[in-house]
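Novice: Here is the input, now give the coordinates:
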Amino acid sequence: MQMKQGEEMEQMLRPDGKKGVMMCKSQYEKYCNAIFDILDSDEDHTINHILEKVKLLIPDTLESEIAWHVLQVKLDLEARGLIKAVAPIYHKRTFHIKLTRPGQQRIRHNRLLNKVTQ
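Specialist: Residues are numbered from 1 along each chain as shown. The predicted structure follows:
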């Protein structure tokens, strides 16, 4: 992926408190919106499920690049408290990714903004 000169960058966070990677803001928003679109349902989502769905939403990207971006954005969203990984009682080795209340509020806010701009 080529970065355009002067493109705005987003500093990612990590759940362990360390600084994350830097990513182009447009790329960050694209992957962030794709993850929120997937999580905005009543289904249980694992990280593998999210990766498969993002591949369908963003088809013109290398598979390894999609995986890296999704994992970096997932870590950032966890660090910001917008999503969380939850282990179900019946299967401790599987983690489901869920929206938190602030994550749900962000989705509603984005929807309102989209309605206003249309």
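
Novice: Let me see the ranges of the helices in the protein.
Specialist: Secondary structure of the chain, counting by DSSP state H: helices at 25-39, 47-57, 63-79, 101-117.

Novice: right, and those - which one's nearest Phe95?
Specialist: For the helices of the chain, proximity to Phe95 was assessed by CB to CB; helix 47-57 is nearest, at 7.2 Å. All C-beta atoms are positioned from the backbone trio N, CA, C, and that covers glycine.

Novice: Which neighbouring elements make contact with the closest one?
Specialist: Judged by 3 or more CB pairs under 8 Å, 6 or more residues apart in numbering; DSSP states H and E, the packing partners of helix 47-57 are helix 25-39, helix 63-79.

Novice: Going by contacts, tell me the helices and strands next to the first one.
Specialist: Just to be clear, that refers to helix 25-39. strand 9-13, helix 47-57, helix 63-79, strand 96-99, helix 101-117.

Novice: Could you pull out the buried residues of the last one?
Specialist: Within helix 101-117, the residues scored as buried using 16 or more other CB atoms under 10 Å are 103, 106-107.

Novice: May I see these organised as JSON lines, with pLDDT and distance to Gln118 added?
Specialist: Below are the buried residues of helix 101-117 laid out as JSON lines (pLDDT from 0 to 100; distance: CB to CB, whole Å):
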{"residue": "Gly103", "pLDDT": "92", "distance to Gln118": "23"}
{"residue": "Arg106", "pLDDT": "90", "distance to Gln118": "19"}
{"residue": "Ile107", "pLDDT": "89", "distance to Gln118": "17"}
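
Novice: Looking at these, which one is closest to Gly6?
Specialist: Arg106 (27.1 Å).

Novice: For the nearest residue in space to that closest one that is not next to it in sequence, give me its contacts.
Specialist: In space, and not counting its chain neighbours, Arg106 is closest to Leu82: 6.1 Å by CB to CB, 6 or more residues apart in numbering. For Leu82, the contacting residues are 99-100, 102-103, 106, by CB atoms under 8 Å, 6 or more residues apart in numbering.
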